[in-house]
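Colleague: Quick one: sequence and predicted model below, then my questions.
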Amino acid sequence: MTEFEIHAGNIQIKNPIALAPMAGIVDIDFVRDAAMSAGLAIIGGYNLDAATNDSAARIKERGRAEFVTPEPIKHLRNELERVKEMEDPPAIAINVRSTEISPLLEAAILAKEHNAILEIDCHCRQPEMTDIGVGEPMLHDLENLQSVISKLKRTGVVLSVKTRSGVVDDVELAIAIEDAGADMIHIDAMKPGAGVDHRAIRVTRNVTDLVIIGNNSVVDFRSAKDMFGHGADMVSVARAALNNPGTIDNLVRAVDTFQEQTGWYNAPKHICSGGDDRALTFCCLPVKPCAIHRVLDKYGITPQEFADLKVELSRETPLVLGGQQTCFGTLIWCCKLTKPCFMRDAVLGQIGVTGVEYMRLKKKLSEDILNNLKERKGT
């Protein structure tokens with residue numbers, strides 16, 4: 001099995017493919033049928049109090065699927081107990097809604113007992129739910145959302161927040177969620193009328209260390225790879241898994257192969273192609289007009305200081321071995337493995353470094369660069 005270093009709190013996630021919640025559809029039976037190979041399966045959304053269950057019943061009356069559970073905690077306990085009967089199940093999260101904090105706290109304690117993740121639904125936009133203040137309206141009151149997150153985290157539960165991009169300022173939202181103590185952010189990166197909004201993933205990656213699940217229009221590995229390249233740690237699949245039960249299996253096989261071949265499954269796109277700040281590790285020497293200067297200005301560092309920093313951080317690594325025939329005389333300035341370059345590949349062969357090893361070195365360099373820049377900026 002391919003190794004992925006994905007952790008949310010104390011929960012290890014075996015791969016970066018998740019099943020997204022779909023109200024009235026995604027329960028443990030659905031997981032068993034369509035998502036056993038996933039790294040994470042998010043069941044729900046479940047309604048935890050009388051108000052949300054009443055709204056769910058009214059939604060069902062007009063023909064839309066919903067879970068209506070008169071004894072929601074008992075129902076969730078039964079669902080989580082069934083996971084113990086599975087062989088090699090995915091990690092489980094439960095997506096929940098409530099107008100009251102007490103049922104959320106009960107669900108958090110239950111999730112923690114079963115080594116599951118709790119996910120707050122700040123995503124639903126069905127009027128029956130939004131009219132009672134749950135789902136998307138929670139994004140408009142960050143102070144209250146932070147209070148809910150903080151109270152739930154006191155139980156020790158691993159916590160995710162399901163959001164929708166473009167509703168409020170995405171950067172402010174991500175920072176608020178992280179500051180309140182959440183572990184994950186699950187972003188429906190929706191651009192109304194125009195498909196997926198990768199910008200929302202990128203700006204979130206650039207300001208937080210949250211585990212990011214990218215959602216929206218993930219139907220195959222190409223669309224998943226676009227999410228990864230803009231900063232997502234994971235991607236979640238919804239309707240595609242409903243329409244084709246083999247979708248998640250196919251995605252897991254594809255990402256396993258890609259990780260084996262490259263060593264960095266969610267390596268960022270280059271800065272000049274719209275990638276997040278992790279891509280500074282792939283940037284050329286900053287001697288020409290380029291998008292890198294905008295990023296360096298943001299961190300308050302000059303091109304020369306950045307060049308010196310990158311050289312210093314690479315000094316004890318194989319990236320400085322050979323490379324005279326590369327564009328700038330060293331692998332420090334070379335691009336990602338998936339971009340064809342005979343000069344880079346020739347040097348890797350000469351010094352005995354595989355493509356996977358090269359990408360892992362670049363990943364470490366990326367982490368060191370960003371840690372240094374954030375320390376300089378005091379963030």
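Modeller: Received the coordinates, thanks. Numbers count the residues shown, from 1 in each chain.
Colleague: switch to C-alpha atoms for all contacts and neighbour counts from now on
Modeller: Fine.
Colleague: Pull the contacting residues for residue 91.
Modeller: 11-14, 39-41, 116 (CA atoms under 8 Å, 6 or more residues apart in numbering).
Colleague: Over to residue 119?
Modeller: So residue 119 contacts 93-96, 159-162 (CA under 8 Å, 6+ apart).
Colleague: What subset of those residues is buried?
Modeller: Among the contacts of residue 119, the ones that count as buried by 16 or more other CA atoms under 10 Å are 93-96, 159-162.
Colleague: if we take the residues you listed, which one ends up nearest to residue 321?
Modeller: residue 160 (42.6 Å; CA to CA).
Colleague: helices or strands next to the helix or strand encompassing the closest one in the packing?
Modeller: Taking DSSP states H and E as the criterion, residue 160 maps to strand 158-164. Secondary-structure packing of strand 158-164 (3 or more CA pairs under 8 Å, 6 or more residues apart in numbering; DSSP states H and E): strand 117-121, helix 142-153, strand 184-188.
Colleague: pLDDT (mean, whole number) over the last one?
Modeller: In this case it means strand 184-188. Across strand 184-188, the average pLDDT comes to 98.
Colleague: Stretch 236-246 too?
Modeller: 94.
Colleague: So which bits of that stretch are buried?
Modeller: Neighbour-count burial for stretch 236-246 [16+ other CA under 10 Å]: 236-242.
Colleague: And the pLDDT for the closest residue to residue 140 other than its chain neighbours?
Modeller: Distances taken as CA to CA, 6 or more residues apart in numbering put residue 168 closest to residue 140, at 6.8 Å, once the chain neighbours are dropped. pLDDT for residue 168: 97.
Colleague: ok, now residue 325?
Modeller: So residue 325 comes in at 87 (pLDDT).
Colleague: count of neighbours near residue 142?
Modeller: 17 (other CA atoms under 10 Å).
Colleague: So it sits against residue 173, correct?
Modeller: Yes. Counting by CA atoms under 8 Å, residue 173 is a contact partner of residue 142 at 7.3 Å.
Colleague: Quick one: residues contacting the closest residue to residue 139 other than its chain neighbours.
Modeller: The shortest distance from residue 139 to any non-neighbouring residue, by CA to CA, 6+ apart, is to residue 122 (6.4 Å). Contacts of residue 122 were listed using CA under 8 Å, 6+ apart, and they are 134-139, 161-164.
Colleague: switch to 7 Å and redo it
Modeller: Residues in contact with residue 122 (CA atoms under 7 Å, 6 or more residues apart in numbering) are 134-136, 138-139, 161-163.
Colleague: Same question for residue 203.
Modeller: So residue 203 contacts residue 171 (CA under 7 Å, 6+ apart).
Colleague: Mind telling me what element it is part of?
Modeller: Counting by DSSP H and E, residue 203 is found in helix 198-207.
Colleague: okay, the angle between that helix and strand 184-188?
Modeller: Interaxial angle, helix 198-207 versus strand 184-188 (axes from the mean of the first three to the mean of the last three CA atoms, to 10 degrees): 160 degrees.
Colleague: pLDDT of helix 198-207, averaged?
Modeller: 97.
Colleague: so how far is the next helix or strand after that helix off the chain centroid?
Modeller: Going down the chain from helix 198-207, the next helix or strand is strand 211-215, by DSSP H and E. Centroid separation for strand 211-215 versus its chain: 2 Å, with CA atoms, centre = their mean, to the nearest Å.
Colleague: pLDDT averaged over strand 211-215 - what is it?
Modeller: Here the average pLDDT along strand 211-215 is 98.
Colleague: Let's have the buried ones among the contacts of residue 119 in CSV, adding distance to residue 198 and pLDDT.
Modeller: Output for these, formatted as CSV (distance: CA to CA, whole Å; pLDDT from 0 to 100):
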residue, distance to residue 198, pLDDT
93, 24, 98
94, 25, 98
95, 23, 98
96, 26, 98
159, 23, 98
160, 20, 98
161, 18, 98
162, 16, 98
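Colleague: Could you point out which of the residues you listed is nearest to residue 349?
Modeller: Relative to residue 349, and with distances defined as CA to CA, the nearest of these is residue 160, at 43.0 Å.
Colleague: what sits against the closest one?
Modeller: 118-120, 182-186 are the contacts of residue 160 under CA under 7 Å, 6+ apart.
Colleague: Any figure for the gap between it and residue 213?
Modeller: Going from residue 160 to residue 213 by CA to CA, to the nearest Å gives 9 Å.
Colleague: what is in contact with these two at once?
Modeller: 185-186.
Colleague: Roughly how far does the residue lying closest to residue 324 once chain neighbours are set aside sit from residue 299?
Modeller: Leaving aside its sequence neighbours, residue 324 sits nearest to residue 330 (CA to CA, 6+ apart; 6.1 Å). Going from residue 330 to residue 299 by CA to CA gives 25 Å.
Colleague: Likewise for residue 51?
Modeller: 47 Å.
Colleague: ok, now residue 372?
Modeller: Taking CA to CA, one finds residue 372 at 10 Å from residue 299.
Colleague: again, but for residue 378
Modeller: Distance from residue 378 to residue 299, by CA to CA: 10 Å.
Colleague: same check, this time on residue 268
Modeller: Distance, residue 268 to residue 299, by CA to CA: 19 Å.
Colleague: picking that back up, ok, the buried ones among the contacts of residue 119 vs residue 194, which is closest?
Modeller: Once CA to CA is applied, the member of the buried ones among the contacts of residue 119 that ends up nearest residue 194 is residue 162, at 20.7 Å.
Colleague: What about the nearest residue to residue 147 once chain neighbours are set aside, how many residues nearby?
Modeller: Nearest residue to residue 147 in three dimensions, chain neighbours excluded: residue 180, at 7.4 Å (CA to CA, 6+ apart). Neighbourhood size, residue 180 [other CA under 10 Å]: 18.
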